[in-house]
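Student: Take a look and give me a structure for this.
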Amino acid sequence: MDNFGKPVEVEVRDSLEKAMKILKQKMSKEGILQEVKRRRFHEKPSLKRKRKAIEARKRIRREARRDDR
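Tutor: Here you go, the predicted model:
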């Protein structure tokens with residue numbers, strides 16, 4: 001999930017506050033904020049494997065739910 005090379009653009013029309021809110025929503029949706037928090041400290045390899053397994057299970061469940069519709 002390497003989002004650090006992809007720019008996130010927001011157009012400022014009405015006010016800066018609205019633009020900041022939209023930017024935060026986009027960053028949250030793409031998982032950039034979680035990635036920054038996760039990279040703040042070193043993660044042990046065992047914890048990294050565990051986290052990736054949990055993320056994979058969540059992703060599979062989400063895709064299965066979407067396919068059922």
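Student: what's the distance between stretch 61-69 and the middle of its chain?
Tutor: 19 Å (CA atoms, centre = their mean, to the nearest Å).
Student: next one: stretch 33-52
Tutor: 13 Å.
Student: Equivalent analysis for stretch 31-49, please.
Tutor: On CA atoms, centre = their mean, the centre of stretch 31-49 falls 12 Å from that of its chain.
Student: and it, what's its mean pLDDT?
Tutor: Mean pLDDT, stretch 31-49: 92.
Student: Next one: the residue nearest the centre of the chain from residue 20, what distance?
Tutor: Nearest to the geometric centre of the chain sits residue 31, at 0.7 Å (CA atoms, centre = their mean). Going from residue 31 to residue 20 by CB to CB, to the nearest Å gives 19 Å. (Glycine included, C-beta is placed from N, CA and C.)
Student: mind checking how far residue 52 is from residue 63?
Tutor: Taken as CB to CB, the span from residue 52 to residue 63 is 16 Å.
Student: How about residue 57?
Tutor: Distance from residue 57 to residue 63, by CB to CB: 11 Å.
Student: How about residue 16?
Tutor: 37 Å.
Student: Tabulate the CA atom coordinates of stretch 61-68 in PDB.
Tutor: Output of stretch 61-68 as PDB, limited to C-alpha atoms (Å, rounded to 0.1, in the frame of the first residue of the first chain):
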ATOM      1  CA  ARG A  61     -14.600 -10.600   3.800                       C
ATOM      2  CA  ARG A  62     -15.300  -7.200   2.200                       C
ATOM      3  CA  GLU A  63     -15.000  -8.700  -1.300                       C
ATOM      4  CA  ALA A  64     -17.200 -11.600  -0.400                       C
ATOM      5  CA  ARG A  65     -19.900  -9.300   0.900                       C
ATOM      6  CA  ARG A  66     -19.700  -7.200  -2.200                       C
ATOM      7  CA  ASP A  67     -20.000 -10.300  -4.500                       C
ATOM      8  CA  ASP A  68     -23.200 -11.400  -2.600                       C
END
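Student: could you give the mean pLDDT of that stretch?
Tutor: Rounded mean pLDDT across stretch 61-68 is 89.
Student: what's the answer for stretch 10-20, then?
Tutor: The model assigns stretch 10-20 a mean pLDDT of 87.
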